[in-house]
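Engineer: Below is the sequence, then the predicted model.
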Amino acid sequence: MEEMVTSIHSWMKNPTGSSVSTAESKSTPVNLKSTEEVHILIAEGFLLYNYEPLNEVWDRRYFLTIPYEECKRRRRTNMHEQVNRTERQFRSLPANQQNLLPQFLLHLDKIRKCIDHNQEILQTIVNECKHMFENKEYGEDVCKNWTLFIFQK
């Protein structure tokens, strides 16, 4: 978080010259002469809402949510991307350095299997809990017992 705060303050001092990634604007609002006048920083993550050093920095805050299925898909994709990135970095090392870590690729394969297995476990939990809070109909006898039990003193 400290690194993020430093990056944000750096961006605020010099938006065009900071190390924060940027995207070019595709259109200019009618009331502005050019997009060079406006710089927007988007910082994402729900933990940012309660992080005191950043609370005084924000001009506006928006809390957006995405559907659970999309979140799950992105998480799985991101986890695999991290492992793939690590593998690419390892393969870019000279052979003599790769030889120093003979089990590294096997370890990455185990991590991939763990990611997939964790996904299966989470899906099982979601499927079991999916209808947990739905209203259910019960027979008359059960309802009478509840009524008697609730009002009995």
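Structural biologist: Structure received.

Engineer: do you know how far residue 104 is from residue 71?
Structural biologist: 30 Å (C-beta to C-beta, to the nearest Å). Where C-beta positions appear, they are placed from N, C-alpha and C, glycine not excepted.

Engineer: quick one: which of the two has more around it?
Structural biologist: A count of neighbours by other C-beta atoms under 10 Å puts residue 104 above the other of residue 104 and residue 71, at 15 against 11.

Engineer: Let me see the contact set for the residue lying closest to that one once chain neighbours are set aside.
Structural biologist: Once flanking residues are discounted, residue 104 sits nearest to residue 90: 5.8 Å by C-beta to C-beta, 6 or more residues apart in numbering. Contacts for residue 90 (C-beta atoms under 8 Å, 6 or more residues apart in numbering) come out as 98, 101, 104, 105, 108.

Engineer: Can you read off the pLDDT for the last one?
Structural biologist: Read that as residue 108. On pLDDT, residue 108 comes in at 94.

Engineer: How about the second one?
Structural biologist: The model reports residue 101 with a pLDDT of 94.

Engineer: ok, now how distant is it from residue 124?
Structural biologist: 34 Å.

Engineer: Could you tell me the end-to-end distance of stretch 42-55?
Structural biologist: 14 Å (C-alpha to C-alpha, to the nearest Å).

Engineer: mind listing what's buried in that stretch?
Structural biologist: By neighbour count with 16 or more other C-beta atoms under 10 Å, stretch 42-55 contains the buried residues 48, 54.

Engineer: Same check on stretch 77-85?
Structural biologist: 79, 83.

Engineer: before we move on, what about stretch 4-13?
Structural biologist: Neighbour counts over stretch 4-13 (16+ other C-beta under 10 Å) mark 4, 8, 11 as buried.

Engineer: Now name the helix or strand holding the residue nearest to residue 104.
Structural biologist: Using DSSP states H and E, residue 90 falls within helix 68-91.

Engineer: Using CSV, write out every CA atom in that helix.
Structural biologist: The C-alpha coordinates for helix 68-91 follow below in CSV (Å, rounded to 0.1, in the frame of the first residue of the first chain):
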residue,chain,number,x,y,z
TYR,A,68,-19.9,-13.3,-8.9
GLU,A,69,-19.4,-15.5,-11.9
GLU,A,70,-17.4,-12.9,-13.7
CYS,A,71,-15.3,-12.2,-10.6
LYS,A,72,-14.6,-15.9,-10.3
ARG,A,73,-13.6,-16.2,-14.0
ARG,A,74,-11.3,-13.2,-13.7
ARG,A,75,-9.7,-14.5,-10.6
ARG,A,76,-9.0,-17.9,-12.2
THR,A,77,-7.6,-16.2,-15.3
ASN,A,78,-5.5,-13.8,-13.3
MET,A,79,-4.0,-16.6,-11.1
HIS,A,80,-3.1,-18.6,-14.2
GLU,A,81,-1.6,-15.4,-15.8
GLN,A,82,0.6,-14.9,-12.8
VAL,A,83,1.9,-18.5,-13.0
ASN,A,84,2.4,-18.2,-16.8
ARG,A,85,4.3,-14.9,-16.3
THR,A,86,6.6,-16.5,-13.7
GLU,A,87,7.2,-19.4,-16.1
ARG,A,88,8.1,-17.0,-18.9
GLN,A,89,10.5,-15.1,-16.7
PHE,A,90,12.1,-18.4,-15.6
ARG,A,91,12.5,-19.6,-19.2
